[in-house]
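J.: Got a predicted model here, sequence first, then my questions.
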2 protein chains.
Amino acid sequence: MITKINVYFCRVNSLAEENYLKAMFSLSNDKGEVNVNDLSKRLEIKMPTVTSMMKRLATKKLVHYESYKPLKLTDKGKKEAALIIRKHRLTEMFLVEKMGFGWEQVHEIAEQIEHIQSPELFAKMDELLGFPKLDPHGSPIPDKNGTMVWVAYNKLSECKAGDTVKLSAVINTSAEFLKFLNSRELSLGLKVKIKSVEPFDNTMVVSYGKRLSETLSHTVCERLLVEKV
Amino acid sequence: MITKINVYFCRVNSLAEENYLKAMFSLSNDKGEVNVNDLSKRLEIKMPTVTSMMKRLATKKLVHYESYKPLKLTDKGKKEAALIIRKHRLTEMFLVEKMGFGWEQVHEIAEQIEHIQSPELFAKMDELLGFPKLDPHGSPIPDKNGTMVWVAYNKLSECKAGDTVKLSAVINTSAEFLKFLNSRELSLGLKVKIKSVEPFDNTMVVSYGKRLSETLSHTVCERLLVEKV
DNA sequence: TATTTTTGTTAGTCTAATCTAACTTAATAT
DNA sequence: ATATTAAGTTAGATTAGACTAACAAAAATA
C-alpha cells in the first residue's frame, strides 16, 4: 500500500517571518546588529509583536536572541534573507528589462513576488537576464546560495583626471536620475575616461563610447559608483 | 495638519478567501450550486472550516448562504473568482510563451502568482501575450471585468468529411498530448480540412498547412475542440 | 415508513500574528 | 548620582483560519 504524501507547498518560513528576516538584513549595522525599535518602525509593527517574533525565529535558529541585547541574524537567517532579496532584485530587473515596466513601478510588485516559492521561476528569470551580478541600482544580487558579492566601489567624484573607470552602480536611484543617465547613454558596465576635473565646482569632463566630451556635475558624480580599470 | 493614510496594500480578500472563491467557481454546476462537501474535498479543508468561511463570505456578499442548502456565488463572488482565474491563466500563458517553461511546470507557479495584487502586472502580461481570449488548453480567459466569453465548440470527432474547421481548444490537456500536437504542428487557430473519416474506428484523415494527409485517431479527435468555418 | 448513511452545523480548541496596557531595563540628561 | 526618557519585555486580548468531537438535517435504502 502506498501512502500518499502531499508536498504541494512546502513553505519553510511564513510570509511574516520572511518580512522580518528581510528587514533585519537590511537594517543590520556593520556588526550585524539590529534594534527591536528600528525593526518595529521599519515593519510598522509594534515592539511587543517584534519581540515575540524574534523568540520564534530564535527557536528556528534564524536569529540570535537575548533579552535586552541587540538582535542578530544567524548565518542561516542571513542566507534566507539574502535569498529573498535575490528574488526581489531579480523580479525588479525582470519587470524592467523583460516586461517594459518603469523602474518606479516595480518595487511594489517585487515585494509580493519575492515570496513566491519556486526556485525554477527565479532561475529562469536569472537565465533570461543573463545572470546579472548587480541590479540596475548597482546593488548586488545574491547568488542561489545566498552569497552576496560586494565589490569595493569608488564614487566617480573621488577619481581624478586621467583615470579610466567602469560604471558599476548607482546610489539613491530616482526615476529622474535614471532618465538622465539614459539621455546621456550612461549605462552600467560602460568604460568612462576622465578628461579633466574643474577644481571650482568639481564638475568632470569625461569621454565614453561615441561621446568624446560630456560634462557631469558633482551631484551626478557623487551618485555614480565605479571600478578602476 | 495632514493625516497620513496608508493605502500600501489594499487586499480586499485574503489568500484563503480567494482560494475558496476560485474552487467554488470551478465546482459550480449548471445552476451555479456547490456542496459544502465537494468544496471541502477540493480544498482539502474540513467541512466545519468551510461552513464558517461560507458565513464570512456571505457577510461580504460574495456567497449566498442558507443552512443546509447548496452554496452559490453571488454575482460579485463570481466576478472576483473570474478575476483570479484570469490572473492564473494569463500567468500560465506568460510562463509558457514568454519565459520558455513547459506546460506541465506552470500550474504550481500560477497558483501562487494568481494572488498577486497588481492590475498593472496582469495588464502587461495580457498586452505582451497579444490579449489572448483562450489559454493553451482552450479555456477562456476572463476579461478585466471578470466576464468570460464561452464559445460553442464542437469536438473534431463530431465533424464530418468535407468540413473545414478552426482548431480552438483542447480538452484534458496532458504534457504528452501537447507534445503530440506540437510534433504534428497542430496549434490553436489552425485551419484543418477533414478529408475522410474511417467508419470502422472513426480515424480521421485531415489536411492543414503543409501537411496534406495526416491521420488522427478518434482519441485525439475527441480531445480537439473546433469552430466551424 | 423506519433505519441508516451522508451531509452539514455547532461548540470548543489551537496557532500565527497582531494589538494595548503595564512593567522592567538600559541609556540620557540634569 | 539620581531622575527622566527611551527601549524592550510580559501579560492578556483579538482575529483569521484551521482542527476535532458531537449533534442535526437531509438523503438513501431496506
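T.: Here it is on my side, so go on. Numbers count the residues shown, from 1 in each chain, chains lettered A, B, ... in the order given.
J.: Excluding chain neighbours, what is closest to the spatially most central residue of chain A?
T.: Against the mean C-alpha coordinate of chain A, by C-alpha atoms, centre = their mean, the closest residue is A:S139 at 4.0 Å. Among residues not flanking A:S139 along the chain, A:R89 sits closest, at 6.5 Å (C-beta to C-beta, 6 or more residues apart in numbering or on different chains). Any C-beta I mention is one placed from the backbone N, CA and C, and that applies to glycine too.
J.: what about that neighbour, which SS state?
T.: Applying DSSP: H, G, I helix; E, B strand; the rest coil to A:R89 yields a three-state assignment of helix.
J.: what residues does chain A put near DNA strand C?
T.: By C-beta under 7 Å from any atom of the strand, the part of chain A that sits against DNA strand C consists of A:14-17, A:44-46, A:48-49, A:52-53, A:56, A:68.
J.: among the residues you listed, which are in strands?
T.: Counting by DSSP state E, no part of the residues of chain A next to DNA strand C is found in strands.
J.: Within reach of DNA strand D, which of the residues you listed are there?
T.: Applying C-beta under 7 Å from any atom of the strand to these, those adjacent to DNA strand D are A:P48, A:S52, A:Y68.
J.: Neighbours of the second one, how many?
T.: I take that to be A:S52. 10 (other C-beta atoms under 10 Å in any protein chain shown).
J.: who's in contact with A:K78?
T.: Going by C-beta atoms under 8 Å, 6 or more residues apart in numbering or on different chains, A:K78 touches A:F25, A:G32, A:G146.
J.: Only whichever of the residues of chain A next to DNA strand C are buried, select them in ChimeraX.
T.: Listed next is the ChimeraX selection for buried residues among the residues of chain A next to DNA strand C, using 16 or more other C-beta atoms under 10 Å in any protein chain shown:
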select /A:17,45,53
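J.: quick one: the strands in chain A?
T.: A:33-34, A:63-64, A:71-73, A:154-155, A:164-170, A:191-197, A:204-208, A:211-216, A:224-228.
J.: Can you add distance to DNA strand D and give the ones you listed back as JSON lines?
T.: As requested, the strands of chain A are exported to JSON lines (distance: least, C-beta to the nearest atom of the strand, whole Å):
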{"stretch": "strand A:33-34", "distance to DNA strand D": "8"}
{"stretch": "strand A:63-64", "distance to DNA strand D": "11"}
{"stretch": "strand A:71-73", "distance to DNA strand D": "8"}
{"stretch": "strand A:154-155", "distance to DNA strand D": "31"}
{"stretch": "strand A:164-170", "distance to DNA strand D": "31"}
{"stretch": "strand A:191-197", "distance to DNA strand D": "42"}
{"stretch": "strand A:204-208", "distance to DNA strand D": "41"}
{"stretch": "strand A:211-216", "distance to DNA strand D": "39"}
{"stretch": "strand A:224-228", "distance to DNA strand D": "31"}
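J.: For B:G189, find the nearest of these.
T.: Closest to B:G189 of these is strand A:164-170 (C-beta to C-beta; 44.5 Å).
J.: Next, the angle strand A:224-228 makes with the closest one.
T.: 140 degrees (axes from the mean of the first three to the mean of the last three C-alpha atoms, to 10 degrees).
J.: most surrounded residue in the contacts of A:K78?
T.: A:F25 (21 neighbours).
J.: Would you check that it makes contact with A:L71?
T.: No. Applying C-beta atoms under 8 Å, one finds A:F25 not in contact with A:L71, separated by 11.3 Å.
J.: near chain B, anything from the worst-scoring helix or strand of chain A on mean pLDDT?
T.: Using mean pLDDT, DSSP states H and E, the weakest-scoring helix or strand in chain A turns out to be helix A:175-183, at a mean of 81. No. Using C-beta under 8 Å from any C-beta of the partner chain, helix A:175-183 never reaches chain B; the gap is at least 15.5 Å.
J.: And that helix, what's buried?
T.: Buried, per 16+ other C-beta under 10 Å, within helix A:175-183: A:F177, A:L178, A:L181.
J.: what's the most buried one of the strands of chain A?
T.: Burial of those is given as mean neighbour count (mean count of other C-beta atoms under 10 Å in any protein chain shown); strand A:71-73 ranks first at a mean of 22.
J.: partners of it, with directions?
T.: Strand A:71-73 has its sheet partners listed here by DSSP bridges as strand A:33-34 (antiparallel), strand A:63-64 (antiparallel).
J.: Show the contacting residues for A:L121.
T.: B:L95, B:I109.
J.: Against B:L73, how distant is it?
T.: For A:L121, the distance to B:L73 equals 30 Å [C-beta to C-beta, to the nearest Å].
J.: do the same with A:V96
T.: Going from A:V96 to B:L73 by C-beta to C-beta gives 38 Å.
J.: Walk me through the domains of chain A.
T.: Using automatic domain parsing, the domain ranges for chain A come out as A:15-73, A:82-150, A:154-228.
J.: In TSV: those domains, plus distance to B:L83.
T.: Converted to TSV, the domains of chain A look like this (distance: least, C-beta to C-beta, whole Å):
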stretch	distance to B:L83
domain A:15-73	21
domain A:82-150	16
domain A:154-228	29
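J.: So for A:N19, what's the nearest residue that isn't a sequence neighbour?
T.: Nearest to A:N19 is A:L43, by C-beta to C-beta, 6+ apart, at 6.4 Å.
J.: what sits against that neighbour?
T.: Contacts of A:L43 by C-beta under 8 Å, 6+ apart are A:N19, A:Y20, A:A23, A:V50.
J.: Please flag which of those residues sit within helices.
T.: Within the contacts of A:L43, residues falling in helices by DSSP state H are A:N19, A:Y20, A:A23, A:V50.
J.: nearest to A:V165, of those?
T.: For the ones in helices among the contacts of A:L43, the nearest to A:V165 is A:A23 (33.6 Å; C-beta to C-beta).
J.: how far away is the closest one from DNA strand D?
T.: Distance of A:A23 to DNA strand D, given as C-beta to the nearest atom of the strand, to the nearest Å: 13 Å.
J.: Quick check: residues of chain A near chain B?
T.: Near chain B, when you scan chain A using C-beta under 8 Å from any C-beta, you find A:6, A:8, A:44, A:95, A:98-101, A:105, A:108-109, A:112-113, A:116-118, A:120-121, A:124-125, A:128.
J.: Can you tell me which of the contacts of A:L43 has the most neighbours?
T.: Neighbour max across these (other C-beta under 10 Å) = A:Y20, 27 neighbours.
J.: list the contacts for the nearest residue to that residue once chain neighbours are set aside?
T.: Computed as C-beta to C-beta, 6+ apart, the closest residue to A:Y20 that is not its neighbour in sequence is A:M53, at 5.5 Å. Contact analysis of A:M53 by C-beta under 8 Å, 6+ apart lists A:A16, A:E17, A:Y20.
J.: want to throw these into TSV with pLDDT and distance to B:K191?
T.: Listed next are these as TSV, based on pLDDT from 0 to 100; distance: C-beta to C-beta, whole Å:
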residue	pLDDT	distance to B:K191
A:A16	97	53
A:E17	98	54
A:Y20	98	57
